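Enquirer: kindly return the folded structure for what I paste below:
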Amino acid sequence: MSVESVPKPIAGAGNFVDDRLGAGNFLRRNLRKIFPDHWSFLLGEIALYSFIILLLTGTFLTLFFKPSMAHVEYAGSYDALRGVMMSEAYASSLSISFDVRGGLLMRQMHHWAALLFIGGMMIHALRVFFTGAYRKPRELNWLIGVLLLTLALAEGLTGYSLPDDLLSGAGLRITEGVAISLPLVGTWITFFLFGGEYPGEDVISRFYSLHILLIPGILLALISAHMILMWVQKHTQMSGKGRTNENVVGSPFYPAFMIKAGAYFMFTFGVIALLGTFAQINPIWLFGPYTPADISAGSQPDFYMGFLEGSLRLMPAWEINLFGQAGGTLAMSVLIPALVPMGIIMTGLALYPFIEQWVTGDRREHHIAERPRNNPHRTSIGMAAVTFYGVLWLLGANDEISAFFQVSLNWTTYVGRFLIIAGPVVAYIITYRVCLGLQRSDAEILSHGVESGVIKRLPHGEYVEVHVPPHEAIAAHMRRETVPVITDGNTGRDGIPSKGMRGPLGRLRVKMSQAYGGEKIPLEAGHGDGHGDGHGDGHGHDEHAAVGKGEDRSLTR
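Expert: Predicted coordinates for the structure are as follows:
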């Protein structure tokens, strides 16, 4: 690439770097890298920018926080707690809130940024899942994303516990109960975290090391790897005119994408600053210091831990005693809520790209993001998982729901136990039917065109609206690839299934593939050629009936 082929600022920077490091061509090439444009691609950037704000505000807070459980008498400026014995961690948190200039703003910005960081990752993961952006060659980056989300939950838990207030202490007590219930290793893990019997004297200092050093270091490394892989593999793009698996249509990194990214970072920073200024969050001075004998009424964790709280509340009391008094007790009422929901969601996310590849036999590279409607089974599975998570999250506040709506707490729990099974099934069925309906709508538009607003009178006196072909860009966006299918006839030579397809597992794979893939609503399903006034027989009866009877006519204009 010559200097004249790139903008002058890039050429100048490339020459500067090339003269010193010999990397001018690398710099010029990457500054002109093309990034596709779509609003949904900004969801991942919310998480990235929130993480940067977390690092900045967290660095400020570490200068004043004291990670110690040593008991001191509070003598700060908050009168309601003056003279109360508390840990140094809680006293320093109060000092940050009331005595350090800008301390409360930094605390609240840090907390809001943490919520936005995890929320942004969740929404970004849903965007990637529903559009199939995890497919080859991005499976490794998908696994990194799942690991990032898991570590973010651990990072949130350790940070939430550091102030040592009554609310966070209640959550820490639940964490201890879950850890100690684990067979064989539970006691060791509990002593590792707490340094002895609960609550111990070391949990705050150990959580502090995890929160500011170990987990952030791993997160930073994984985020860097995530971004490098995305840069090397190139970003997916939405389907549309001129967009293929071999090109990228969009704006160059410099200056267009860089300016937009910078502006979006400032926008994210501004929103978090406004939330930290005007929206109170985690007022630890109202909760008081943690004591094992007390509990706050109506306590709720941060939203990202709500689904684990809900699973604990929904699970019936169930214990298994092994070998009588000489054996141990498996607290299934704690083990199952702690491990199964997280295992279903995280393990399912990690394995799904490989399961889908096995079911469909699709090993091609994909750089075009699918519309969710074009893979109805995947979209339905995703919505079933979202419903499963949502029911658990909602029932994490079953006591608040019961008190607010004046209904029985027991009945709230019983309904939750029913919904955790029936809800995902109903969500799957509804989502699948909606996807088919949207596919049918696309097929109608491509076959019959869109309403033009022009009314035409036919020779026999009937009035119909003239249809015109959809805009080329709209038609290109609607067209889709068929989800591949493994069949008995194409898996072996001369129509004979290969050896791997002859056994029970092979036959199951074929049946799953035929159910999962294939064309559900062919885009060619329709009448007429879609290029005239929409009346194939000269009188309009056939086409008018095909478009009008029992079909959804909410067409794109």
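
Enquirer: now the spatially most central residue of the chain. Its backbone dihedrals?
Expert: In the chain, the centroid-proximal residue (CA atoms, centre = their mean) is residue 122; its distance is 2.1 Å. Note on residue 122: its backbone torsions stand at phi -60, psi -50 [degrees, to the nearest 10].

Enquirer: ditto for residue 471
Expert: According to degrees, to the nearest 10, residue 471 has phi -60, psi 150.

Enquirer: same thing with residue 238?
Expert: phi -70, psi 150.

Enquirer: for residue 71, same thing?
Expert: phi -80, psi 130.

Enquirer: cool, residue 452 as well?
Expert: Dihedral angles (degrees, to the nearest 10) for residue 452: phi -90, psi -20.

Enquirer: repeat that for residue 456.
Expert: Torsion angles, degrees, to the nearest 10, at residue 456: phi -120, psi 140.

Enquirer: sorry, back to before: the residue nearest to the centre of the chain - nearest residue in space that isn't next to it in sequence?
Expert: Spatially, and ignoring its direct neighbours in sequence, residue 122 is nearest to residue 149 (7.0 Å; CB to CB, 6 or more residues apart in numbering). Bear in mind the C-beta positions are built from the backbone N, C-alpha and C, glycine included.

Enquirer: wait, residue 464 touches residue 458, no?
Expert: Yes - assessed by CB atoms under 8 Å, residue 464 is found in contact with residue 458 at 6.5 Å.

Enquirer: mind listing the strands for this protein?
Expert: 34-36, 71-73, 85-87, 237-238, 250-252, 319-321, 329-331, 368-369, 450-457, 463-468 (DSSP state E).

Enquirer: adjacent strands (with direction) for the first one?
Expert: Note on strand 34-36: by DSSP bridges, its sheet partners are strand 250-252 (antiparallel).

Enquirer: identify the residues contacting the partner strand?
Expert: Applying CB atoms under 8 Å, 6 or more residues apart in numbering, the external contacts of strand 250-252 come out as 31-37, 235, 237, 257, 260.

Enquirer: distance from that strand to the middle of the chain?
Expert: Offset of strand 250-252 from its chain centre (CA atoms, centre = their mean, to the nearest Å): 26 Å.

Enquirer: and it, average pLDDT?
Expert: For strand 250-252, the mean per-residue pLDDT is 88.

Enquirer: and it, which residues are buried?
Expert: 250, 252 (16 or more other CB atoms under 10 Å).

Enquirer: stretch 220-228 now?
Expert: In stretch 220-228, the ones that count as buried by 16+ other CB under 10 Å are 223, 226.

Enquirer: please state the offset of that stretch from the chain centre?
Expert: On CA atoms, centre = their mean, the centre of stretch 220-228 falls 17 Å from that of its chain.

Enquirer: before we move on, back to that, which one's more surrounded, residue 464 and residue 458?
Expert: More neighbours surround residue 464 than the other of residue 464 and residue 458, with 20 against 15 (other CB atoms under 10 Å).

Enquirer: and residue 29, how far is that from residue 15?
Expert: 14 Å (CB to CB, to the nearest Å).

Enquirer: hmm, I typed the wrong one, I wanted residue 317.
Expert: Taken as CB to CB, the span from residue 317 to residue 15 is 72 Å.

Enquirer: for those two, indicate the residue with more neighbours.
Expert: Between residue 317 and residue 15, residue 15 has the larger neighbour count (other CB under 10 Å), namely 14 against 8.

Enquirer: tell me the contacts of residue 41?
Expert: 35, 235.

Enquirer: mind doing that once more with 6 Å?
Expert: Shown in contact with residue 41 (CB atoms under 6 Å, 6 or more residues apart in numbering): no residues.

Enquirer: okay, now the unreliable bits of the stretch 301-450 of the chain?
Expert: Along the stretch 301-450 of the chain, the parts satisfying pLDDT under 70 run over 323-327.

Enquirer: which stretches in it count as helices?
Expert: Per DSSP state H, counting those that start in this stretch, the stretch 301-450 of the chain carries helices over the ranges 306-314, 332-342, 348-360, 376-395, 398-405, 409-448.

Enquirer: can you redo those as TSV with mean neighbour count and distance to residue 243?
Expert: Below are these laid out as TSV (neighbours: other CB atoms under 10 Å; distance: least, CB to CB, whole Å):
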stretch	mean neighbour count	distance to residue 243
helix 306-314	22	37
helix 332-342	18	37
helix 348-360	17	22
helix 376-395	21	21
helix 398-405	14	46
helix 409-448	17	17
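
Enquirer: can you list the ones you listed in JSON lines and add distance to residue 173?
Expert: Output for the helices of the stretch 301-450 of the chain, formatted as JSON lines (distance: least, CB to CB, whole Å):
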{"stretch": "helix 306-314", "distance to residue 173": "12"}
{"stretch": "helix 332-342", "distance to residue 173": "12"}
{"stretch": "helix 348-360", "distance to residue 173": "29"}
{"stretch": "helix 376-395", "distance to residue 173": "20"}
{"stretch": "helix 398-405", "distance to residue 173": "17"}
{"stretch": "helix 409-448", "distance to residue 173": "21"}
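
Enquirer: give me the neighbour count for the closest residue to residue 457 other than its chain neighbours.
Expert: Using CB to CB, 6+ apart and skipping residues adjacent in sequence, the residue nearest residue 457 is residue 463, 5.4 Å away. The number of residues packed near residue 463 is 9, by other CB under 10 Å.

Enquirer: over to the one 5 residues further on?
Expert: Using other CB under 10 Å, residue 468 has 17 other residues around it.

Enquirer: just to revisit the earlier point, I'd guessed the residue nearest to residue 122 sits against residue 120; true?
Expert: No - under the criterion of CB atoms under 6 Å, residue 149 makes no contact with residue 120, lying 10.4 Å away.

Enquirer: go ahead and name everything in contact with stretch 135-155.
Expert: Here stretch 135-155 has contacts from 118, 121, 134, 215, 219, 222, 225-226, 229, 233, 304, 346, 349-350, 353, 365-366, using CB under 6 Å, 6+ apart.

Enquirer: flag every buried residue along that stretch.
Expert: 135, 138, 141-149, 151-153, 155.

Enquirer: tell me which of the residues you listed fall in helices.
Expert: 141-149, 151-153, 155 (DSSP state H).

Enquirer: mind checking how far the residue lying closest to residue 203 once chain neighbours are set aside is from residue 301?
Expert: Nearest non-adjacent residue to residue 203, counting by CB to CB, 6+ apart: residue 194, 4.7 Å away. From residue 194 across to residue 301, the span is 19 Å (CB to CB).

Enquirer: residue 61 too?
Expert: 20 Å.

Enquirer: mind showing which ranges of this structure have poor pLDDT?
Expert: In the chain, residues with pLDDT under 70: 1-6, 8, 10-14, 17-20, 22-24, 323-327, 488-500, 525-557.

Enquirer: mind running it again at 50?
Expert: 1-4, 525-557 (pLDDT under 50).

Enquirer: how many neighbours does residue 91 have?
Expert: Residue 91: 24 neighbours (other CB under 10 Å).

Enquirer: verify the contact between it and residue 75 for me.
Expert: No - if you go by CB under 6 Å, residue 91 and residue 75 don't touch, sitting 8.6 Å apart.

Enquirer: cheers, nothing more for now.
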